[in-house]
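> Have a look; sequence and predicted model below, questions after that.
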Amino acid sequence: MSDVLSQDEIDNLLAALSSGELDADEIKNSNDKQVKNYNFARPSKFSKEHLRTLEIIFEHYGRLLSTNLPLYVRKNVSVQVMNSEEATYTEFTNSLSNPVLLGIVNMDPLPGSIVVEMAENLGFAIVDRMLGGYGLPMEKIRDFSEVEITILEHIFVSMSDLLIEPWQNVVKLTPKLERIETSSQFIQIVSPTEMTSIVTMNLQMGEVTGMVNICLPFSCLESVVERLNTKYWYASIEEKDSKKYKDVIEVAIEKAKIPIRAILGKSIISVNEFTDLQVGDIIKLNTKVSDELDVYVGNIRKFSALPGAFSDSYAVRVQKIYKEEE
């Protein structure tokens, strides 16, 4: 039901029209529908919601890279998602430099593959670091050798495996690195006019900074594109059973080994006395035979106990448990 104007509002509106404050033609034109241009040669397949969800997924992926890559390069790694945008596959391939590092990753059970592009300066820096260098890029651009490609395959395999966890709320993936290419002419995995989503991440390894671009063709994500919205993404996160995790933690703690020591007593002697100690010498302690001993768990005093023996070993009998406030 439309709003009903009061008599005062009607009088004010008529007065504004009479005085020229309002133009009747402008009011009439403001109701005209806005026409949007649509490019049939480049149809939009990814909405802003899809692109935003992809950014969230790859922000999680970036955190995993920051944690796992230092295991290989032994340097701090920082990854930040810059943006995600829609582009044709031709636009993506035309933007590639030469030489370039391109990992073709199969996204089973999704149809097709995605492309992981790593800046060449990052590739050379990783190889240098893994071979014992300082992790510096090449001063002069050249092609990657077969040995360098073999070394980088280990990094790309690790990067592929890390895709499983960020995507688990959308689809359970079993990604696999198919191959590494150094030329864009060998990566025609989809039609040149195919629409893709390109997620750009900035990766910093020590002093070296470069871009990592993930190209995701629409044909690969078409079957799950409806799940690429934040509402579904958050709703599909499984609720964790707190008791289940409590049991797991308890089992893990039960297997942990911790040092326990009972202190018989303390004494202070000089350095000369210490160096002159012989077998059979007696050191006087500050405790009596009847005194209870302090028992430490790690470096925390936890129990009070009496000394004794059990079988063929020395032992203590716990008499009191110290609370944290004690």
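Alright, I've got the coordinates. Numbers count the residues shown, from 1 in each chain.
> Flag every buried residue along the helix or strand hosting L203.
With elements taken from DSSP states H and E, the one containing L203 is strand 195-205. Buried positions in strand 195-205, judged by neighbour count with 16 or more other C-beta atoms under 10 Å: 195-201, 203-205. Every C-beta, even on glycine, is put in place using the N, C-alpha and C of the backbone.
> Centroid-nearest residue for the chain?
Most central residue of the chain, judged by C-alpha distance to the mean C-alpha position with C-alpha atoms, centre = their mean, is R63 at 2.0 Å.
> Who does the residue lying closest to that one once chain neighbours are set aside form a beta bridge with?
Excluding the flanking residues, the one nearest R63 by C-beta to C-beta, 6 or more residues apart in numbering is V79, at 7.3 Å. The residues listed as beta-bridge partners of V79 by DSSP bridges are L203.
> can I get the CA coordinates of the strand holding L203 in PDB?
Coordinates of each C-alpha in strand 195-205 appear next as PDB, following Å, rounded to 0.1, in the frame of the first residue of the first chain:
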ATOM      1  CA  MET A 195      34.700 -16.200 -17.900                       C
ATOM      2  CA  THR A 196      37.000 -16.700 -15.000                       C
ATOM      3  CA  SER A 197      37.400 -15.300 -11.500                       C
ATOM      4  CA  ILE A 198      41.000 -14.200 -10.700                       C
ATOM      5  CA  VAL A 199      42.000 -13.900  -7.100                       C
ATOM      6  CA  THR A 200      45.200 -11.800  -6.600                       C
ATOM      7  CA  MET A 201      47.400 -12.400  -3.500                       C
ATOM      8  CA  ASN A 202      50.500 -10.500  -2.400                       C
ATOM      9  CA  LEU A 203      53.200 -12.900  -1.100                       C
ATOM     10  CA  GLN A 204      56.100 -11.600   0.900                       C
ATOM     11  CA  MET A 205      59.000 -13.900   1.700                       C
END
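> what is the rounded mean pLDDT of the helix or strand that that strand is followed by?
Downstream of strand 195-205, the next assigned helix or strand under DSSP H and E is strand 208-217. For strand 208-217, mean pLDDT is 92.
> ok so, going back, can you verify my assumption that the residue nearest to the centre of the chain contacts S78?
No. Using C-beta atoms under 8 Å, R63 is not in contact with S78; the gap is 10.2 Å.
> Lovely, talk soon.
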